[in-house]
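*Asks:* Next comes the sequence, and after it the predicted model I'd like to discuss.
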Amino acid sequence: MHAGVVVLALLPLLPWAVAYPWICWPLLFVAGAAAGSVYTLSLVACGERFRGPSLVSATAIVGASWSVASFGGPIVAGTLMRSVGADALIAVLTAAAAAFLVAAWWEGRRPATRTSG
């Protein structure tokens, strides 16, 4: 969840940071590392919660959702950038980070249970 907070905090700074390369590149590095860690941490969460065949199914769902988002996200962002402007990319990324935080919060509300195959 912390990775999502970092991404959500740094994304609104990008339009300002583009004018300052000395801050833009470190900001992109940290935001990219935090955003990229979401996939790895999602797999770790699956490993903590599921065992056996349930673990295989859970990781397959994570992989499939990541693939769908990787395919659809650029299409949505590109369409919005063409019609609204370049800042639409930041809006799409911010919405995705916010959706991740809501999902993580929702999952955190439930008591931890283990599902074995």
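*Replies:* Nice, I can see it.
*Asks:* What mean pLDDT does the helix or strand where Leu28 lies get?
*Replies:* Using DSSP states H and E, Leu28 falls within helix 21-49. Mean pLDDT, computed over helix 21-49, is 88.
*Asks:* Buried by neighbour count: which residues of that helix qualify?
*Replies:* Leu27, Ala31, Ala34, Ala35, Ser37, Val38, Tyr39, Ser42, Leu43, Cys46, Arg49 (16 or more other Cβ atoms under 10 Å). (Glycine included, C-beta is placed from N, CA and C.)
*Asks:* Mind listing what's buried along the following helix or strand past it?
*Replies:* As assigned by DSSP H and E, the chain's next helix or strand after helix 21-49 is helix 52-83. For helix 52-83, the neighbour count (16+ other Cβ under 10 Å) marks Leu55, Ala58, Ala77, Leu80, Met81 as buried.
*Asks:* Reformat those as JSON lines; add pLDDT and distance to Ala91.
*Replies:* JSON lines is the format used below for the buried residues of helix 52-83 (pLDDT from 0 to 100; distance: Cβ to Cβ, whole Å):
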{"residue": "Leu55", "pLDDT": "93", "distance to Ala91": "35"}
{"residue": "Ala58", "pLDDT": "92", "distance to Ala91": "30"}
{"residue": "Ala77", "pLDDT": "91", "distance to Ala91": "9"}
{"residue": "Leu80", "pLDDT": "93", "distance to Ala91": "7"}
{"residue": "Met81", "pLDDT": "94", "distance to Ala91": "10"}
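*Asks:* Quick check: the farthest pair among these?
*Replies:* Farthest-apart pair in the buried residues of helix 52-83 is Leu55 and Met81; separation 38.2 Å (Cβ to Cβ).
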